[in-house]
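>>> My questions are about this predicted structure, shown below with the sequence.
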Amino acid sequence: MSEWYKNWFASEDYLKVYRHRNEKDAVNLINLILSSTNLTHGSSVLDAACGAGRHSVALKKKGFNITAFDLSIALLKIGLLNSRKLNLNIDFFQCDIRNVPLKTKFDLIINLFTSFGYFDSDDENFKFIKDAQRLLLKGGYFVFDYLNKDELIKNLVPETKNILNGKNYFEKRYIKGGRVIKEIIINGNGENNNYIESVKLYSCDELISVFENSGFQIQNLYGDYKGNIFNKNNSGRLIIIARNNC
């Protein structure tokens, strides 16, 4: 599988396709996280694969110290610009999640909005979960927000079409080789762009096993940002609240 995420996350169209994932959405998830942990004002947080930083901003507004990284320079620039407009000091830097050079330890690590499963091998995909323990203080939390494999397979929407600012956005979705694949075709205003997303599908049980074998204890499983308990048959999300035992 090609490194599709490099072109897609660097494009101007990415945030337009996911415009429904807005600040309100981020605040709901952050409130759920804070209600499920015992973090205090000023706790340190690492936002892994932070994208444009909307979760980092939501946490910084609540008084936490935020370090955030992403592979996409384009998204990091947006995050930095937005945080500066709000006079928020967030430490953004570029990094590949498979090789995080930090030595600092944090009270909380977040990996949100399916920023996971992009790589070809399980070893690559699971590497950050296994590495996260060394980046957490004892008793620190790892919050992981991913899709629900079982619900997605049952309810996958094959195609959607939208028009935004004179452009046609066509999204085609299918499952192949244990991955959910989305083809995004955008045309109009003299443009014709094609992108792809490809995410490896893991079940809840598989992920819990990886977390527990990496030294984490599962605290909570949620199925949406409102805090409903995870149900593999109908939950739209899989949100894992794990705690470092070591």
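That came through, no problem. Computed from a predicted structure; not experimentally measured.

>>> Look up how far residue 66 lies from the residue of the chain most remote from its centre.
Ranked by distance from the centre of the chain (CA atoms, centre = their mean), the top residue is residue 190, with 32.0 Å. Separation of residue 190 from residue 66 (CB to CB, to the nearest Å): 39 Å. In this view, the C-beta of every residue, glycine as well, is placed from N, C-alpha and C.

>>> Buried residues in the helix-or-strand element of the chain with minimal mean pLDDT, which are they?
Within the chain, no helix or strand scores below helix 14-17, which has a mean of 83 by mean pLDDT, DSSP states H and E. By neighbour count with 16 or more other CB atoms under 10 Å, helix 14-17 contains the buried residues 14-15, 17.

>>> chain center to the following helix or strand past it, what's the gap?
Counting by DSSP states H and E, the next helix or strand C-terminal to helix 14-17 is helix 23-35. Centroid separation between helix 23-35 and its chain, computed with CA atoms, centre = their mean, to the nearest Å, is 13 Å.

>>> Who does the lengthiest strand in the chain pair with, and is each partner parallel or antiparallel?
For the chain, the longest strand by residue count, based on DSSP state E, is strand 136-147. Looking at strand 136-147 with DSSP bridges, its partner strands are strand 106-111 (parallel), strand 237-244 (antiparallel).

>>> CA atoms only: put it into PDB for me.
The C-alpha trace of strand 136-147 is given here as PDB (Å, rounded to 0.1, in the frame of the first residue of the first chain):
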ATOM      1  CA  LEU A 136       3.800   7.900  30.200                       C
ATOM      2  CA  LEU A 137       4.200   8.500  33.800                       C
ATOM      3  CA  LYS A 138       3.200   5.600  36.100                       C
ATOM      4  CA  GLY A 139      -0.600   5.800  36.300                       C
ATOM      5  CA  GLY A 140      -0.800   7.900  33.200                       C
ATOM      6  CA  TYR A 141      -3.500   7.500  30.700                       C
ATOM      7  CA  PHE A 142      -3.600   6.600  27.000                       C
ATOM      8  CA  VAL A 143      -6.900   7.500  25.200                       C
ATOM      9  CA  PHE A 144      -7.400   5.800  21.800                       C
ATOM     10  CA  ASP A 145     -10.200   6.700  19.400                       C
ATOM     11  CA  TYR A 146     -10.800   4.400  16.500                       C
ATOM     12  CA  LEU A 147     -13.500   3.000  14.300                       C
END
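
>>> Check which residues of that strand are buried.
Going by neighbour count (16+ other CB under 10 Å), the buried part of strand 136-147 is 136, 140-147.

>>> cool, and stretch 142-161?
Buried residues in stretch 142-161, defined by neighbour count with 16+ other CB under 10 Å: 142-152.

>>> how about JSON lines for those residues, with pLDDT and distance to residue 10 added?
As requested, those are exported to JSON lines (pLDDT from 0 to 100; distance: CB to CB, whole Å):
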{"residue": "142", "pLDDT": "98", "distance to residue 10": "27"}
{"residue": "143", "pLDDT": "98", "distance to residue 10": "26"}
{"residue": "144", "pLDDT": "98", "distance to residue 10": "25"}
{"residue": "145", "pLDDT": "98", "distance to residue 10": "22"}
{"residue": "146", "pLDDT": "98", "distance to residue 10": "23"}
{"residue": "147", "pLDDT": "98", "distance to residue 10": "23"}
{"residue": "148", "pLDDT": "98", "distance to residue 10": "28"}
{"residue": "149", "pLDDT": "98", "distance to residue 10": "28"}
{"residue": "150", "pLDDT": "97", "distance to residue 10": "32"}
{"residue": "151", "pLDDT": "98", "distance to residue 10": "30"}
{"residue": "152", "pLDDT": "97", "distance to residue 10": "26"}
